[in-house]
Structure formats: structure tokens, C-alpha cells
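Peer 1: Provided below are the primary sequence and the corresponding predicted coordinates.
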Amino acid sequence: MSRPSITLPPVLAIGFSGHRNLPDENRSREAIRRILAEWKSKVPGVVYGVSSTAAGGDLLFAETCMELNLPLRIFLPFPREKFRADFDDATWRRAEKVMAAALSVEVTGASETPDELYYECGIETVQQSRLLIALWDGAPSQGLGGTADIVAFARDQGRPVIWIHSATAVVQHLNQDSQLLHDPEMEFLTAMPDPPTEIPADTPLGKAEAWFIKVDENANRVAPQFRRLAAIPIFCTAAAALLSGRTSLPGNSSIWLGLGIVLGIMAATLPTVMRLSRRQVVWTRVRTAAEICRSCLALWRTPVIYDVVGSEVVPELAGMLTSLNFLNMSDREARRASLEEFKRLYRADRVQNQIEYFSRHADRAARKIRQYQIVTWSSVFLAGYFNLWMVLNARGLDYGLMGNWKPVISLAATTGFQIATVAGALLIVNDYQRRRDRYRELHRMLIQWDKQLQLSQTWPTVLRITSMIEKALLAELIEWRSLIRHRKVPQK
């Protein structure tokens, strides 16, 4: 019996923004219920709601999610104690019931005025959603943070918006997206081969770890192959030049000339035939997905949901990020980790591992640079020596070089220069010098950050440092990803 393929659950996050004062709460509730029930039936995986719990529309949306058994992610504009002041007793009891059932309750924003805090809460709702439901009368906001502001932001970001008129309950679709349920990147990653050994995936963390192992192993499989294949045209070019030079020696030169022409043609056509650019696209996409997943797992036990890299940075991986965040929210045990436990695990499994990795690879890159430089300069020296010998003999200074040896010495000089050229090209293709400098810089930074982590005693400080670490580790991959963003995704 074949085991099921490793996948992430398809997840659609639906955000909400709405008025507090509603002409007919029952009619608004029914409109929200119809829309949520429709999307629940259309999505093959999980639908969850993202909203605040302010009185009025927000609370109606959250209660309707509970009624339909849809998970909830709650954002508050300020801490719960201060938020309580906006409610009467009966409405606050409703809000507390919703927050108790939510997967996650998070405080957003860092501003000082209430309007700015509500605005930031609404913006975060849009950022963490793929679709926005707006219960809105169509009029401009009376203050910063109103529903009109949130709708305008969502439309500007290209988010699909379902507008329920708060007075008439008429529904309109703004910024419709026919591809909302179609995620080519997730389909591409899911279609990749599973690891040869079965991985337990019966918990949220287990599912995320199994997905990471699958993507990471595929990235490891593709990367070395790409570099080896990229070197083949370089060797073909050098061999073609040497065979062309071989025609100066006695014998049937047409054979060597023909072989040189064939190798020259191969060098020109192999990058296309071997699809080197396509392979690079595959590796960049898979490696980026693997490293973002690794980053999510590294911060799995923090009290906040992963937000180091969002869909605004890597829109193609929005589906994967949403699924991983949902699994993280579902793992209530992870939220119970203490600060010291998280620091110990993060420093050992992430920071120290990366320090050793960068140290090892910086040393390896430095060795490769020295080796290639030795080959390059040795070859150039020998080729120069042979050329000098040829020049001196050409000027009548006989240094014991017989005439029939001159073609051999000439070919030897050409060979030396070709070896130097190949060594220099391989040094560039493998990017050893930049990698060495990059590894050394990250090694130095991680040692400094690790010391700061060791001394940090509060979650905000620890989260700030870990966020810097994760962004530094992902920066280069995000840059590579942006370079191939508009290339076609290979399907096989």
C-alpha cells in the first residue's frame, strides 16, 4: 500500500473589516454567514477568519466563524485590558467568548493614538488574509482606521474584496481574483518527490517538519547537479581550443580539427540543451521555500505567529506561509514554551548550527580559492615560460629546441593558458570569493547575536534579535528569488 504524499493543507485566510453601528445586525449576520459558508464549501482544505472583536461587524464575523466551526485568528488594537473599555458588559462577554475559542489572539500596532492603533490593526488584518469581507456603507471614513481606509488599502494591494452594504446587505465583488484557489507554486512543490523514508506527520509540528524535509531534500538534490552541469560547457570550450591547436602537430589534423569544431558547438549549445537556466530557476524556488520553512520552524515556539517574511515579500509563497502559520496557530503546546526553553533550543538548533555551517563553508571556500589560484598562476607561469622559450628560439637563440619540438611546446603553452582560463572560470561559476566573504560576515554577526540572545531576559528583546537573525539568513535567498520572479515555473 503506497503512503500518502507529503503536503501542506490548503488554507484560505479570510479577513474582515466592518462598522460598529449597524442598522440591522441580523441581516448583516446572515449575509456574512452566506459568504463564509460558500467559501467553506469551495475550499478543499481549511478556511479560517482573521478579524478583531470590536463591537458591531467584527464581533458578528467572529461569532459567525465560530458558528460554522471556522478557526479564528484575532487581532486587537491594544492590550485586552485597555480594549475592554470600549465595551458594555454584555458585549464584552461575547467578545471574551470569541477570544477564548480563537487559535490566536495578538496585539498589533505600536502607535500612540487609538485611531492609529485601529488603523494598524485593520492593515495587519489585510496583510494576513487572502480575501477581505467588508461590511461597509460605502461612505468615507469619519476618522483614521475606518472601514473605508481598510478597503482602500486592500484594493490597492490587489486583495479580492467582498463588499456587503451595511444598510441594504447587497453584495458586490471588488478586485475579483479567479486564481484565488489556484496556487501554482504549492502545486509545483507538492509534486516533487517525497523523501525515501516515511516521516511521522500526525501533529501540526510533524506536518511542518515533514514538509520541510521534503522540500529541503529536493533542493539539495538539484543544487550540486546544477553546478556540475554548468562546468561542462567550460571544459568543452577549453578542449575545443586545445584540439584546434593540436592540428599544428604532425598527423591527420582533420580529425582533431573536426573534434574541436564538435566540442565548440557543444559548448555553445549545451547550456540550452541541458536547460541550465531552467535548473537554476528550480533550485532557487525550492531552496527559498525550504529556507523560509526552516525559519518558520526555528521560531515555532515563540508566543507570536511567524512574521519575519510575509507574502508581501514572497507573494508566490503566500499559500505555503498561510498553511505553516495555520499549523503553528493550531499547535497550542508550542505556545506554552518558556523563554529559557526557547532560547536554549533556538541557540543550539539554529544559531550554533549556522555558526558551524558558515565557519566550515568559509574555510572550504578559502581552500578552493587557494587551490584555483595555485592552478591558475602555475599554469600561467609555465605557459609564459614556454612562450618565452619559443620567442628566444624564434630570434635565433638556439636553446636546444629542435624544430620538430616547436609545435609541441606551442601546444603546451596553449594548454597552460587554457587550464588557467578553466580554473578562473570555475572559480567564478562556483562564486567562491563572494561566498567566502559572505560566510565570514554572517559568522561574525551570528556570534555577536548569540551573545546578545544569551543575555536577553524578555520576549520582546529575544524576538527582536531572532527577527534580525532570520532576516540576515534569508536576505540573499529573497534577492535571488526576486531575480527569477517572472520566469515560468517548470512543471516537470
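Peer 2: Received the coordinates, thanks. The shown structure was predicted, so the numbers you read here are calculated from the model rather than taken from an experiment.

Peer 1: who are the contact partners of the closest residue to I419 other than its chain neighbours?
Peer 2: Counting by Cβ to Cβ, 6 or more residues apart in numbering, S379 is the residue found nearest to I419 once chain neighbours are left out, at 4.2 Å. Yep, even glycine has a C-beta here, placed from its N, CA and C like the rest. Shown in contact with S379 (Cβ atoms under 8 Å, 6 or more residues apart in numbering): 416-417, 419-420, 423.

Peer 1: in three-state terms, label S379 for me.
Peer 2: Of the three states, S379 takes helix under DSSP: H, G, I helix; E, B strand; the rest coil.

Peer 1: just the endpoints, please. Distance across stretch 69-80?
Peer 2: From its first residue to its last, stretch 69-80 covers 24 Å (Cα to Cα, to the nearest Å).

Peer 1: please disregard the earlier target; I meant stretch 168-182.
Peer 2: 32 Å.

Peer 1: what's the burial count for Q457?
Peer 2: For Q457, the count of nearby residues is 9 (other Cβ atoms under 10 Å).

Peer 1: coming back round to it: could you dump the contacts of S379 into TSV and include neighbour count and pLDDT?
Peer 2: Formatted as TSV, the contacts of S379 follow (neighbours: other Cβ atoms under 10 Å; pLDDT from 0 to 100):
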residue	neighbour count	pLDDT
G416	20	71
F417	18	71
I419	19	75
A420	21	74
A423	22	77
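
Peer 1: which element follows the strand with the most length in the chain toward the C-terminus?
Peer 2: Ranked by residue count, the top strand of the chain under DSSP state E comes out as strand 11-18. Per DSSP states H and E, strand 11-18 leads on to helix 25-42 as the next helix or strand towards the C-terminus.

Peer 1: from the chain's centroid, how far away is that next one?
Peer 2: 34 Å (Cα atoms, centre = their mean, to the nearest Å).

Peer 1: now for it, which elements pack on it?
Peer 2: Helix 25-42 sits against strand 11-18, strand 46-51, helix 57-67, strand 131-136, strand 161-165, with contacts defined as 3 or more Cβ pairs under 8 Å, 6 or more residues apart in numbering; DSSP states H and E.

Peer 1: show me how the protein divides into domains.
Peer 2: For the chain, automatic domain parsing gives the domain ranges 11-174, 183-334+461-492, 338-455.

Peer 1: and the ones you listed as a markdown table, adding distance to S5?
Peer 2: Output for these, formatted as a markdown table (distance: least, Cβ to Cβ, whole Å):
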| stretch | distance to S5 |
| --- | --- |
| domain 11-174 | 14 |
| domain 183-334+461-492 | 6 |
| domain 338-455 | 27 |
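
Peer 1: ok, which of these comes nearest P4?
Peer 2: domain 183-334+461-492 (9.0 Å; Cβ to Cβ).

Peer 1: and the nearest residue to A298 once chain neighbours are set aside, how many neighbours does it have?
Peer 2: Ranked by Cβ to Cβ, 6+ apart and with sequence neighbours excluded, the top spatial neighbour of A298 is R350, at 4.4 Å. For R350, the count of nearby residues is 22 (other Cβ under 10 Å).

Peer 1: hang on, E198 in a helix?
Peer 2: No - read with three-state DSSP, E198 is coil and lies in no helix.

Peer 1: how much space separates it from A210?
Peer 2: Distance from E198 to A210, counting by Cβ to Cβ, to the nearest Å: 9 Å.

Peer 1: of these two, who's got more company?
Peer 2: Between E198 and A210, counting by other Cβ under 10 Å, A210 is the more crowded of the two (20 against 11).

Peer 1: the more buried one and K471, how far apart?
Peer 2: Separation of A210 from K471 (Cβ to Cβ): 26 Å.

Peer 1: pLDDT below threshold where in the stretch 101-250 of the chain?
Peer 2: Applying pLDDT under 70 to the stretch 101-250 of the chain flags residues 178, 224-230, 232-250.

Peer 1: surely Q176 is in contact with R159?
Peer 2: No - Q176 sits out of contact with R159 when judged by Cβ atoms under 8 Å, with a separation of 10.8 Å.

Peer 1: quick check: neighbours shared by these two?
Peer 2: The contact sets of Q176 and R159 do not overlap (Cβ under 8 Å, 6+ apart).

Peer 1: neighbour count: those two, which is higher?
Peer 2: Neighbour count, other Cβ under 10 Å: between Q176 and R159, R159 has more, with 20 against 9.

Peer 1: look up the closest residue to the more buried one, ignoring the ones flanking it.
Peer 2: Nearest to R159 is L132, by Cβ to Cβ, 6+ apart, at 5.4 Å.
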